[in-house]
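> could you look at this predicted model? Sequence included:
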Amino acid sequence: MGKEAEAGLGSEGLREEDPGRQAEQFQDDRGQSPLLSGRTPLFEAQNSARYTRQALVRRYQDLTGANLIAFSDNIYADGIVMLEDLLFDCRGDKPLHVLISSPGGDGETAIRMVRLMHAHCSELTMIVPDMAKSAATILCLGANRIIMGPAGDLGPIDPQMVLGGKGMASAKEIVAAVDEAERRVNDNPNSFPLFSSLLSDVNMLMVEQARSALNRSESLMREALSSLPGRSAEDTDKLACLLKAPLIDDPSSHSAVISADDAIGFGLPVEKADTSSEEWRILWALWTHYYALGCFPAGRTSVYEGLRASNVMRPQNV
């Protein structure tokens, strides 16, 4: 499903000279004439939600001393430029916190993204209020810390394939479906027309790509783990051995849930969010804004947002 960036005077794909200041001004002069706030009524109506979200980002940054960005999308190469724009002003001597929600995508892109993030921070923290599946899990493996909300979960490292322009499907499930169809057709040749129809969106090239992606999964996991500055080769090998079964070999479904307790047990640097803290209250308030924008299911509406950049892309048919 295609997406289009919001455009025009009220576009959310804008950079501001100081949106944090504007966000605070928006809070301060609600009762004043729009002319006194420096914005026309239409512009303020179209952008007030964005300023409210960025005000939450500023509050979190003032509280923690870290840069905060929000990222909700399928992970594919076209997101690299959007992410780099978010990181443009992030100094390398400050921690970076990333509020992420994603069903997954391309593992190779995830490796590029985590390296990009490390180039713009002193320490990387991934924050998972809802889900960070597959390629998003790969991204999290390269973080110094992973903070997971009570309902947050990671998922199997299971590459996703675009299926006939109708959405994504798990590479493991594509291969399993084709293998099962082949077995049944061999047992009963008369069933060929049925399975040919059921798998009409799958071709041989896609199956081979799915098999290749599955074979690459362990290498991607190791690359993500080793992308963390300061993580030794010995620690990378140890974690990779512990994670191979639960993240790659054992799960039978892309929807398998890996909770914070599970991840801690695997040896990942996971922390459970302190839901009573001010930091989490701000993060949860911010996440509810993205939920209201249509970022759930994850990747439906795409968001790349920080203190100075705001890009929201909605499905074209919405």
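All right, it came through fine.

> please count neighbours and contacts with C-alpha atoms only from this point.
Will do.

> tell me the centre residue of the chain?
The centroid of the chain falls nearest to Ser102 when counting by Cα atoms, centre = their mean (3.5 Å).

> in the sheet, who's paired with it?
Ala132 (DSSP bridges).

> give the contact list for it.
For Ser102, the contacting residues are 72-75, 131-133, 136, 298-299, by Cα atoms under 8 Å, 6 or more residues apart in numbering.

> what does Arg183 show for phi and psi?
Backbone torsions for Arg183, taken as degrees, to the nearest 10, come to phi -60, psi -40.

> no, scratch that, I was asking about Val98
In this entry, Val98 is assigned phi and psi values of phi -120, psi 110 (degrees, to the nearest 10).

> next one: Val257
When read as degrees, to the nearest 10, the backbone of Val257 gives phi -100, psi 130.

> what's the local residue count around it?
16 (other Cα atoms under 10 Å).

> quick one: it from Glu173, how far?
The gap separating Val257 from Glu173 is 16 Å, by Cα to Cα, to the nearest Å.

> same deal with Met113?
26 Å.

> between those two, which is the more surrounded one?
More crowded of Met113 and Glu173, by other Cα under 10 Å: Met113, with 24 against 17.

> is it fair to say that one lies in a helix?
Yes: counting by DSSP: H, G, I helix; E, B strand; the rest coil, Met113 is part of a helix.

> state the pair within the contacts of Ser102 that is farthest apart.
Greatest spatial distance among these (Cα to Cα): Ile75 and Met131, at 13.1 Å.

> who has more neighbours, those two?
Set Ile75 next to Met131 and count neighbours by other Cα under 10 Å: Met131 wins out with 28 against 25.

> is it true that that one touches Asn74?
No: in this structure Met131 lies outside contact range of Asn74 using Cα atoms under 8 Å: 11.7 Å.

> please identify, among the contacts of Ser102, the one with the most neighbours.
That'd be Ala136 among the contacts of Ser102, by other Cα under 10 Å, with 32 neighbours.

> these two touch, right, it and Gly104?
Yes: the criterion here is Cα under 8 Å, and Ala136 meets it with Gly104 at 5.1 Å.

> what residues do the two have in common as contacts?
Ile75.

> and stretch 236-250, which residues are buried?
236, 239-240, 243-244, 246-248 (16 or more other Cα atoms under 10 Å).

> also stretch 131-151?
131-149.

> so which residues of the stretch 151-300 of the chain form strands?
153-154, 160-162, 168-170, 270-272 (DSSP state E, counting those that start in this stretch).

> what's the burial count for the closest residue to Ser191 other than its chain neighbours?
Nearest residue to Ser191, sequence neighbours excluded (Cα to Cα, 6 or more residues apart in numbering): Val185, at 5.7 Å. Residues lying near Val185 (other Cα under 10 Å) number 17.

> settle this for me: Val185 is touching Pro193, isn't it.
No: using Cα under 8 Å, Val185 is not in contact with Pro193, being 9.3 Å away.

> low-confidence ranges in this structure?
The chain contains residues with pLDDT under 70 at 1-38, 163-167, 253-254, 297-299, 316-318.

> let's go with 50 and repeat that
1, 6-12, 16-17, 19-30, 34, 318 (pLDDT under 50).

> can I see the domain layout of it?
Using automatic domain parsing, the domains assigned to the chain come out as 3-155+267-315, 159-256.

> tell me how far the ends of the shortest one are from each other?
With Cα to Cα as the measure, the first residue of domain 159-256 is 14 Å from its last.

> ok now that domain, how far from the chain's centre?
Distance of domain 159-256 from its chain centroid, counting by Cα atoms, centre = their mean, to the nearest Å, is 19 Å.

> what ranges do the helices span in the stretch 1-150 of the chain?
If DSSP state H, counting those that start in this stretch is used as the criterion, the helices of the stretch 1-150 of the chain fall at 19-28, 34-37, 41-64, 79-87, 107-118, 135-141.

> in the third one, what counts as buried?
By neighbour count on 16+ other Cα under 10 Å, the buried set for helix 41-64 is 44, 48, 50-61.
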